[in-house]
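A.B. asks: Quick one, structure for this:
(2 chains)
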Amino acid sequence: MDRQTLKEPRQEQVRRARVAKPKAVSTRKTGQRRGPRAAPKQAVTLKEHVVEIVSDSGEGAQRCGQSFGSVAARMGNGIWTVEIIPAEIQPPARSIAGASGNRIRVASERVTNGGDEADLVVAFNEQVLLGRYRAKELKPGCVILLEDKWRTDPDADIAVSYAHVYDELVAEGYKVHEIPMESECVKYVPDPRRGKNMFVLGLLCSIYSLDLEMAREQIRFVFRKKDAKVIDLNLELLEAGHDWAEENLDIKYAIPASKPKDPQIVMNGNTALALGVLASGMEVCAMYPITPATSASHYLSDIFERVGCVVHQAEDEIAACAFAIGASYAGKCAVTITSGPGLSLKQEGIGLAVMSEIPLVVVDVQRGGPSTGQPTKAEQGDLLSACFGGHGDAPKVVMAASTIEDCFYSVIMARKIAETFNMVVMVLTDASLATAQQPFPRPDFNEQWLAPPIDQSAVPEGASPYDWDPRTGLAPRFIPGQPNGMHCLTGLAHDRLSHVAYDPEINQEGIRNRSLKLATFQKTLKAPAIFGDEDGDLLIVGWGSTKGAIEEAVERLRADGKRVSSLHLKFLQPMPSGMKDMFRRFDKVMTVENTWSDSLDSEVFDEDSRRYAGLALLLRARFLVDVDCWGEVKGQSIKPGKIVRAVLERLP
Amino acid sequence: MGIPVSECLLKLMAEGYTLDDYRGDIPPRWCTGCGDNGILAAVQRLCRDEQLPPERTVFVSGIGCSSRFPHYMNAYGFHGLHGRALPVAEGVKLRRPDLHVFVSTGDGDCCSIGAAHWIHAIRYNMDMTVLMHDNQIYGLTKKQASPTSPRGVKSNTTPRGTYLDPLNPLSVTLGVANVSFVAQAADWIPELLYDIISEAYHHKGFSFVRILQRCPEFMPHQFDPWVQNPDKMLLLTHEKGVQLSAGLSKVYRKQEAHDPGDLHRAREIASLSEQIPVGILYRDSDVPCYEDVRMVDRLHTPDVIKGVLEEEFDKFTIWPSE
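C.D. replies: Residues are numbered from 1 along each chain as shown, chains lettered A, B, ... in the order given. Below is the predicted model of the structure:
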């Protein structure tokens, strides 16, 4: 009902629109197209900016945003891009929920997260803009570049809606510039819906003083599979956008770049994850399609065969897990990649791998839950189900990637741990890492990443498959094909010979040894470093994708004189030693997690009923420290500014 | 070459596997009279006759009476999860074509909780021998109706009799794309049981053998009409299928010369209601196996991996841009 309004009922806005005129000076009719070049504008130097480009699905805002990010990154700027993805493949045009596009944080220095609200928004229609406005994604008074063709739309409803949104935003202090995107693009392309995005890229290149030649290179790269005519047309559009902005817009920024010394690569977390699988030496990835994990498997499917390996799309999540277990059992350590609902389905299989001590890597690209939840949105709600989701006592390693680069290295490390300890290793990432892009140093290939060839030599006669070492709990791994190693692996409680255990002592022994093994692994962990001072008023503890935002918040708070530090955990189960001592040096300890936790804002949420976020619960249980927590479940990465506010509320 | 025959024989005596080499170190714990015992004997005989190295032979099972099978073999065994034997076996076979893979499953394991995997396993057509022990009842959990229980069977969950007609595992299997081998055997005809399992083993692809198997504990008289009246059995013979010994031919007089290449007739035979067909219903050796389809002629060596990684990194390198 309220598609067209910011706040007021529709009749009211129709009435107002009929009488109202634009309240602010717009750039709509300023300047002469292709006229003589205006005097060079003085660029305002910025440390960073958050730029959003939003359109209907299929209008290319995502490609525009990615290209803009790539050009900035190639110039040496720090970038972090976040995809704005509607839930449907083809949402209705001009709908609030259908906003599709990209948010790019561009900075002088390296950035570790998506930052706060947008400083500049390019919108292809007022409805998608409204969607972002309502989601509180715009910084108050920010710059908006809005396609102006809707003002004169033959459909009166649309024209009214446009005028109304425009008026409201201007009244609220936003600097709205109406841009004749369509009428400019139509000079070059018959269907401006396909081409506006490169025009906008040109606008942005002008506004942010980006190197136009690099943008040209980017276009040639993006369209490298298309013929020369397409490339030329897009180059024309780019330049048209650039020239139009130079002549008609009075906005010019410069974000000085600081070029890193080492070669950098830029990709999203799922691509990094897939490359990590390849680099780990694993040969089999068994998966079932699930958002937001699948794109990792898409990319892996594309490249994995080139190293002789297989992505198997199984008939369901359970089969994918069982398939991976079968491959691992046969000596080819495998990975299964999924997201929350799939993790639930795999839990029985994971329990089997724990019980029978089969190495297995499980990646959970978390999304909003429970149930189908928010498939395309970010959340960190699976920590406890990763640690304890199976039935019975099933010790396993749970680790989390905290950056895009970390997605790559985490899988390599996970494979190594899995095969060294014959254990299940869960790697948690989430939708925000999966689709965000950030440059990181190009990895140097290391043969140590790879799995050694499988052992097919004879097992000493009389050796038993579960000959648990009394000190470490570790047992050998007999791989089919090894003479003398024949035994029947079972998910039933079993003794050292893998015989079904009917003796209660034997069950106890097996469970103890699997626990001992995890404790042995724990002894290999290094204590994480504190970010900030070693003592202070408050310590924030985080895990996974929130690292960049938490550390940025800590920096801002410290710059403000606050005695705040943070600690970021890679291993959630087991946790490294030494943390309790760190906690003692702070007056307060709290976690920041992108998941639900009760805040004491209701009579019935009190100390007795309060449900804590996953990590807070784990820390409270393990260290007997009164760990507080804060988080939100808005389907997006937590912004540093929000963390700052949450922390300030808790400081004296 | 110059090795005398006597030496060859000696070698065979010294190194050949005997039945004992396939016996697990614990004796079977199935009930006395359970049809599973006969299946185990037939499989151990097959392994001996084929001289399968125990270390290169893997028996995968799910959960249920049938799925205790791997414990009683001397080979690599995988006694995993209820219903999930097939995807585990697929994972084993994919990268280890050198291993002989057998799957033991039951009517509950295969046709109920694992039904999705069963359908897709037929379609993948990976080279493995699947023995579906069908006693038409859940035994290990103490007598509940299974999807193959005939209508009216009284069990602990259907005290007034089952409500629905049973699922027909043969028709289902024959209805799936890429089906390549379907046979039916009965535990009370051990000679044919062996022959059929042997044919299944020799077929390259997903060989599905439904074995009618008596449960003396919970369904003691289920197959009596057929056991007692050989005329109710229909034996399928063919030069491309199994042949009957003179002795069997005398007892089982109802026979049909059925060409296993005839899918249409196979489906008709599968649907017979009074008679129980035994033999090979269908075989197509030309269906490609998934592990072959997915086999890529690329080495998985550090050099190759490094090469591909560097190529991919090149694509994502932004600085230095050239």
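A.B. asks: Spell out which parts of the stretch 451-600 of chain A neighbour chain B.
C.D. replies: A:478, A:480-492, A:497, A:499-500 (C-beta under 8 Å from any C-beta of the partner chain). From N, CA and C alone the C-beta is placed, and that goes for glycine too.
A.B. asks: Mind giving me the ChimeraX command for buried ones among these?
C.D. replies: Provided next is the ChimeraX selection string for whichever of those are buried by 16 or more other C-beta atoms under 10 Å in any protein chain shown:
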select /A:478,480,481,482,485,486,487,488,489,490,491,492,499,500
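A.B. asks: Mind checking which of the residues of the stretch 451-600 of chain A next to chain B land in strands?
C.D. replies: A:Cys488, A:Leu489, A:Thr490 (DSSP state E).
A.B. asks: Out of these, which is nearest to chain B?
C.D. replies: Closest approach to chain B among these (C-beta to the nearest C-beta): A:Cys488, at 3.1 Å.
A.B. asks: what's across from the closest one in the sheet?
C.D. replies: B:Gly77 (DSSP bridges).
A.B. asks: Pretty sure it sits against B:Arg68.
C.D. replies: No. The criterion here is C-beta atoms under 8 Å, and A:Cys488 misses it with B:Arg68 at 9.2 Å.
A.B. asks: what do those two both touch?
C.D. replies: Residues touching both A:Cys488 and B:Arg68 by C-beta atoms under 8 Å, 6 or more residues apart in numbering or on different chains: B:His79.
A.B. asks: Quick check: residues of the stretch 201-322 of chain B near chain A?
C.D. replies: By the rule C-beta under 8 Å from any C-beta, the part of the stretch 201-322 of chain B lying against chain A is B:294, B:296-300, B:302, B:304-306, B:308-310, B:312-313, B:316-321.
A.B. asks: how about a cut-off of 7 Å?
C.D. replies: B:294, B:296, B:298-300, B:302, B:304-306, B:308-310, B:312-313, B:316-321 (C-beta under 7 Å from any C-beta of the partner chain).
A.B. asks: Please narrow these to those residing in helices.
C.D. replies: B:Pro302, B:Val304, B:Ile305, B:Lys306, B:Val308, B:Leu309, B:Glu310, B:Glu312, B:Phe313, B:Phe316 (DSSP state H).
A.B. asks: does the last one really touch A:Ile265, like I thought?
C.D. replies: Read it as B:Phe316. Yes. Contact criterion C-beta atoms under 7 Å: B:Phe316 and A:Ile265 qualify, at 4.0 Å.
A.B. asks: still on that earlier bit, make CSV from the ones in helices among the residues of the stretch 201-322 of chain B next to chain A and add pLDDT, distance to B:Asp259 and neighbour count to it.
C.D. replies: Shown next, in CSV, are those (pLDDT from 0 to 100; distance: C-beta to C-beta, whole Å; neighbours: other C-beta atoms under 10 Å in any protein chain shown):
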residue, pLDDT, distance to B:Asp259, neighbour count
B:Pro302, 97, 51, 15
B:Val304, 97, 47, 14
B:Ile305, 98, 49, 23
B:Lys306, 98, 53, 17
B:Val308, 98, 48, 21
B:Leu309, 98, 53, 18
B:Glu310, 97, 55, 13
B:Glu312, 97, 52, 21
B:Phe313, 96, 57, 17
B:Phe316, 92, 57, 19
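A.B. asks: Among these, which pair sits farthest apart?
C.D. replies: Within these, two members stand farthest from each other by C-beta to C-beta: B:Pro302 and B:Phe316, at 21.0 Å.
A.B. asks: Spell out the residue ranges of the helices in the stretch 501-650 of chain A.
C.D. replies: A:504-522, A:547-559, A:579-584, A:614-623, A:640-650 (DSSP state H, counting those that start in this stretch).
A.B. asks: Pull out the buried positions in the first one.
C.D. replies: Along helix A:504-522, the positions that meet the burial threshold by neighbour count (16+ other C-beta under 10 Å) are A:Ile506, A:Glu509, A:Gly510, A:Ile511, A:Asn513, A:Arg514, A:Leu516, A:Lys517, A:Leu518, A:Thr520, A:Phe521.
A.B. asks: Over to the second one?
C.D. replies: Using 16+ other C-beta under 10 Å as the test for burial, helix A:547-559 gives A:Lys547, A:Gly548, A:Ala549, A:Ile550, A:Glu551, A:Glu552, A:Ala553, A:Val554, A:Glu555, A:Arg556, A:Leu557, A:Arg558.
A.B. asks: Now chain A against chain B: closest residue?
C.D. replies: Per C-beta to the nearest C-beta, A:Gly326 is where chain A lies closest to chain B, at 2.4 Å.
A.B. asks: got a list of what that residue touches?
C.D. replies: Counting by C-beta atoms under 7 Å, 6 or more residues apart in numbering or on different chains, A:Gly326 touches B:Pro87, B:Val88, B:Ala89, B:Glu90, B:Gly91, B:Val92.
A.B. asks: Touching, the last one and B:Phe59? I think so.
C.D. replies: I take that to be B:Val92. No. The criterion here is C-beta under 7 Å, and B:Val92 misses it with B:Phe59 at 10.4 Å.
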